[in-house]
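> Give me a model of this one.
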Amino acid sequence: MKVSHGTFSIERTYDSSAGEVFQAWSDIELKARWFVGPEGWSLVNREQDFRVGGQEILRGRFANGRETLFTARYHEIVEGECIVYVYDMHLAGGVHHSTSLATIELSPTGRGTRLVFTEQVAFLDGTEGPAGTASREHGTAAHLDRIGGVLR
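As a prediction, this is how the structure comes out:
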């Protein structure tokens, strides 16, 4: 098996308090408004046990029947400051696509909150690091952009 690695960081500033940005991650109903699959994807199952050691599951399906499965385990949570989790992505047919370490850091700014999202990913299905990392970063950036709309 060939494993490819990638790392990226994305920064966003929101006109909301760190507590409100944190809640966008911790509240399952708020998170359901921004953490979704791409166009043509529909929700099959969503679960979130937001605590250290807790698990999050997001399963979805495309119109062609192809499914995706996101499973995460929370390793560190400091309210209003930091979230660290490890997650796996599985694709159609149960293919284990990737395993990632993700860190969200929140800090107050003059007008709101600065979020820094950092991901270290290992692609396990032959996906090439640079291409796969660029695709993952693009999808994550879209999620982070949607948080701003949810917080308005």
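> a strand runs through residue 137, doesn't it?
No. Going by DSSP: H, G, I helix; E, B strand; the rest coil, the assignment for residue 137 is helix, not a strand.
> Surely it and residue 7 touch.
No. At 9.7 Å, residue 137 does not count as touching residue 7 under the criterion of Cβ atoms under 8 Å. Any C-beta I mention is one placed from the backbone N, CA and C, and that applies to glycine too.
> so what sits against both of these two?
residue 119 (Cβ atoms under 8 Å, 6 or more residues apart in numbering).
> Looking at the two now, which is surrounded by more residues?
Using other Cβ atoms under 10 Å, the more surrounded residue of residue 137 and residue 7 is residue 137, with 18 against 13.
> what sits against that one?
8, 10, 119.
> Point me to the helix or strand that includes the second one.
Right, the one you point to is residue 10. strand 4-14 (DSSP states H and E).
> Now that strand: buried residues?
Of all the residues in strand 4-14, those buried under the rule 16 or more other Cβ atoms under 10 Å are 4, 6, 8, 10, 12, 14.
> what does stretch 81-97 give?
83, 84, 85, 87, 89, 90, 97.
> and of those, the nearest to residue 110?
Nearest to residue 110 among the buried residues of stretch 81-97 is residue 83, at 23.1 Å by Cβ to Cβ.
> Tell me the secondary structure of the nearest residue to the closest one once chain neighbours are set aside, please.
Nearest residue to residue 83, sequence neighbours excluded (Cβ to Cβ, 6 or more residues apart in numbering): residue 104, at 4.3 Å. Here residue 104 takes the strand state, with states given by three-state DSSP.
> number of nearby residues for residue 104?
Neighbourhood size, residue 104 [other Cβ under 10 Å]: 19.
> What distance do you get for it to residue 66?
Separation of residue 104 from residue 66 (Cβ to Cβ, to the nearest Å): 28 Å.
> What is the least confident helix or strand in this structure?
Ranked by mean pLDDT, DSSP states H and E, the helix or strand of the chain with the weakest confidence is helix 129-151, at a mean of 93.
> What distance do you get for residue 94 to residue 69?
Residue 94 is 8 Å from residue 69, by Cβ to Cβ.
> One more: residue 58?
8 Å.
> Same check on residue 89?
Per Cβ to Cβ, residue 89 is found 7 Å from residue 69.
> Where strands are concerned, which of the buried residues of stretch 81-97 count?
The strands, defined by DSSP state E, take in 83, 84, 85, 87, 89, 90, 97 from these.
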